[in-house]
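# Here is the input, now give the coordinates:
(one chain, ligands or ions: 2)
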Amino acid sequence: MHAVEKMLARAAGVDSVTPGEILNCSVDFIELNDLYLQVVRSFYEMGGTKVWDPTKISFVFDHYSPAPTIRTAQIHKEMRDFAREQGLTHHFDINAGVCHQVMPEAGLIRPGMILVATDSHTTTHGAFGAFGTGIGATDAATVLISGELWFRVPEVIKIEITGKPRTGVYAKDVILHIIGKLKADAAVYQAVEFCGEYVEGLGVSERMAVCNMAVEMGAKTAWMKPNRAVLDYVEERFGTDYILDETDPGYTYAGEHFFDVSSLEPQLACPHSVDNVFPFSEVSPVKVDQAFIGSCTGGRLEDLEAAAQVVKGRKIAPATRMVVIPASMEVYKKAMEKGYVQTLIEAGATFNAPGCGPCLGTHAGILARGEVCVSSTNRNFPGRMGSPEAEIYLGSPALVAASALEGSLADPGKYLDTPQGASV
Ligand SMILES: CC(C)[C@H](C(=O)O)[C@@H](O)C(=O)O
Ligand code: SF4
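Numbers count the residues shown, from 1 in each chain. Ligands and ions are numbered 1, 2, ... in the order given. Purely as a prediction, here's the structure:
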């Protein structure tokens, strides 16, 4: 069996599973974000009175945080009241950040766990060796009541990555390149294992960025074998009581793909789909109205560090706006301590409270008709960040920052090779 299958078998209380099988599994943890008040209402409609375990449920206010309208303030109020009545241990209000950043920081994510959340990017947590997947409102209400959920065992495909990319090319470029080659329907309902020497050398942040975007190929979940960096992160925040599942030697994958990234250029997902990806040198110059750095894909400390390295001692183009939203308050605080916030503000960036914000167009950086945005996020569908007539290019935080400096799409490499670029 594969490590992913072993996690599901353990949660179902059976010795072995095969792809396609339907299981009833116990869930280790569930997270609800602030788009899902319906789950609270369904919980009561389905006869719920007390949740199955208040220590294994988290509400994170991130998509509409701080509440930008009366309706969303009302949603927050009703969910806050439920969290208090049920005595939920892990309620993260508007002072926390995006759920996929806040939960690992809080020590809620560990290898071997079954994690469900009302968000498609729950695949992010495969970076920690967990089984993470997004679910809808009805399934979420079922979990709140019973602590269990049905799962269809996914096939597992392998994406093996080798090579060492040049300066200015990041894991975001690698995952965009992969999605561009394999396309948005490459892994529908499958588990995607990312492996190979490149993956083994990745730190926590870049592992999260890769697993986060597996769902943009339709993946049910993503998985990486935890390396020392991941285990140090988990043990510092959660402890050592986790299970490291190993894939049996000779396991046969449903599919295998191999990528050598040593000669990769910076990549761009061009309007209007995530798999419409080209190397930077093949994308026509485009005037950039807004550069956005943020989200559970590209708003971590390492992302703000990369952006600060690019803009240090420089000013963004007069006609370009640069919006930076740290993925969490912890990221924000550390970025201040390290001077990245100061550097970015001195370059002309504006900051907003940690949360999803412009990533899905709720607030804090909405695009007007005809505008062009280059973004460190993970989706660029029409209307994603505001007007359906705006255009969104997805790239690495460093590329976003370089594009803000030049007022048009720009390769960050030249700003990183100089001695000045190297120090922040
Ligand atoms: C929660 C939901 C609105 C959505 C998701 O499930 O991913 C959002 O987070 C997104 O990124 O589009
Ligand atoms: S930051 Fe963007 S991608 Fe991540 S959960 Fe929020 S809306 Fe979804």
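
# Contact partners for E155?
By CB atoms under 8 Å, 6 or more residues apart in numbering, E155 lies in contact with P19, G20, Y189, Q190, A191, A254, G255. Quick note: C-beta positions are derived from backbone N, CA and C, even for glycine.

# Leaving out the residues flanking it, which one is nearest to it?
Spatial nearest neighbour of E155, excluding adjacent residues (CB to CB, 6 or more residues apart in numbering): A254 at 3.6 Å.

# same thing with R166?
G413 (6.9 Å).

# The one you found contacts T167, doesn't it?
Yes - between G413 and T167 there is a contact under CB atoms under 8 Å: 5.6 Å.

# Between the two, which has more neighbouring residues?
G413 (19 against 14; other CB atoms under 10 Å).

# Please tell me how far the more buried one sits from ligand 2.
According to CB to the nearest ligand atom, to the nearest Å, G413 stands 27 Å off from ligand 2.

# and if you look at K312?
K312 is 26 Å from ligand 2, by CB to the nearest ligand atom.

# picking that back up, contact partners for the residue nearest to R166?
By CB under 8 Å, 6+ apart, the contact list for G413 reads R166, T167, G168, V169, P266.

# Quick check: of these, which has the highest neighbour count?
The most neighbours of any of the contacts of G413, using other CB under 10 Å, belong to P266, which has 27 neighbours.

# so what's the closest residue to that residue other than its chain neighbours up against?
Of all residues not flanking P266 in the chain, F280 sits nearest, at 4.3 Å (CB to CB, 6+ apart). Contacts for F280 (CB under 8 Å, 6+ apart) come out as E265, P266, Q267, L268, L399, L409, D411.

# what's around the residue lying closest to the first one once chain neighbours are set aside, how many residues?
Once its chain neighbours are removed from consideration, E265 has its nearest residue in P279; the separation is 4.0 Å (CB to CB, 6+ apart). Using other CB under 10 Å, P279 is surrounded by 17 other residues.

# Contacts only, for P279.
Here P279 is in contact with L264, E265, P266, Q267, L268 (CB under 8 Å, 6+ apart).

# would you turn the residues you listed into TSV with distance to R10, pLDDT and secondary structure?
Formatted as TSV, these follow (distance: CB to CB, whole Å; pLDDT from 0 to 100; DSSP: H, G, I helix; E, B strand; the rest coil):
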residue	distance to R10	pLDDT	secondary structure
L264	37	98	coil
E265	42	98	coil
P266	41	98	coil
Q267	37	98	strand
L268	41	98	strand
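
# Which residues in the lengthiest helix in the chain does the neighbour count mark as buried?
In the chain, assigned by DSSP state H, the helix with the most residues is helix 70-86. Within helix 70-86, the residues that count as buried by 16 or more other CB atoms under 10 Å are T72, I75, H76, M79, R80, F82, A83, Q86.

# between those residues, which is nearest T49?
Ranked by distance to T49 (CB to CB), those are led by Q86 at 9.6 Å.

# Per-residue confidence at the residue in the stretch 251-400 of the chain that ligand 1 sits nearest to, what does it come out as?
Residue nearest to ligand 1 within the stretch 251-400 of the chain (CB to the nearest ligand atom): L360, separated by 4.9 Å. L360 carries a pLDDT score of 96 in this model.

# Just list the residues touching it, thanks.
L360 sits in contact with H63, R379, R384, M385, where contact means CB under 8 Å, 6+ apart.

# Closest one of the residues you listed to ligand 2?
Nearest to ligand 2, judged by CB to the nearest ligand atom, of these is H63 at 5.7 Å.

# and this protein, what are its domains?
Domain segmentation of the chain under automatic domain parsing yields 3-258, 267-415.

# quick one, which of the ones you listed is packed in tightest?
domain 267-415 (a mean of 22; mean count of other CB atoms under 10 Å).

# how much distance is there from it to the middle of the chain?
Here domain 267-415 is found 15 Å from its chain centre; the criterion is CA atoms, centre = their mean, to the nearest Å.

# show me where the stretch 251-400 of the chain has helices.
Assigned by DSSP state H, counting those that start in this stretch, the stretch 251-400 of the chain shows helices spanning 295-298, 301-311, 329-337, 340-347, 397-406.

# and the fourth one, what other elements does it pack with?
So that's helix 340-347. Counting contacts by 3 or more CB pairs under 8 Å, 6 or more residues apart in numbering; DSSP states H and E, helix 340-347 is packed against helix 301-311, strand 321-325, helix 329-337, strand 350-351.

# and these as JSON lines, adding mean pLDDT and distance to ligand 1?
Shown next, in JSON lines, are the helices and strands packed on helix 340-347 (pLDDT from 0 to 100; distance: least, CB to the nearest ligand atom, whole Å):
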{"stretch": "helix 301-311", "mean pLDDT": "98", "distance to ligand 1": "17"}
{"stretch": "strand 321-325", "mean pLDDT": "98", "distance to ligand 1": "14"}
{"stretch": "helix 329-337", "mean pLDDT": "98", "distance to ligand 1": "18"}
{"stretch": "strand 350-351", "mean pLDDT": "98", "distance to ligand 1": "21"}
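
# Q290 is nearest to which of those?
Ranking the helices and strands packed on helix 340-347 by their distance to Q290 (criterion: CB to CB) puts strand 321-325 first, at 4.7 Å.

# Mind listing the strands the closest one pairs with, and their directions?
Applying DSSP bridges to the sheet, strand 321-325 is found paired with strand 290-294 (parallel), strand 350-351 (parallel).

# what helices or strands is the helix or strand hosting E236 leaning on?
Of the helices and strands defined by DSSP states H and E, E236 is found in helix 228-237. With contacts defined as 3+ CB pairs under 8 Å, 6+ apart, the packing partners of helix 228-237 are helix 99-105, helix 204-212.

# who touches it?
So helix 228-237 is contacted by 104-107, 109-111, 127-129, 202-204, 207, 224, 226, 242 (CB under 8 Å, 6+ apart).

# Ligand 2 next: which of those residues are close?
When CB under 6 Å from any ligand atom is applied, no member of the contacts of helix 228-237 is adjacent to ligand 2.

# Now stretch 282-294 - C-alpha only, CSV.
Only the C-alpha atoms of stretch 282-294 are listed here, as CSV (Å, rounded to 0.1, in the frame of the first residue of the first chain):
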residue,chain,number,x,y,z
GLU,A,282,7.4,33.5,-24.1
VAL,A,283,4.9,35.9,-22.5
SER,A,284,4.3,39.3,-24.2
PRO,A,285,5.1,42.4,-22.1
VAL,A,286,2.0,43.5,-20.1
LYS,A,287,1.5,46.7,-18.2
VAL,A,288,0.8,45.8,-14.6
ASP,A,289,-1.8,47.8,-12.6
GLN,A,290,-1.6,45.8,-9.4
ALA,A,291,0.9,43.4,-7.9
PHE,A,292,-0.5,41.2,-5.1
ILE,A,293,1.5,39.2,-2.6
GLY,A,294,-0.5,37.1,-0.2
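
# Sweet, I'm off.
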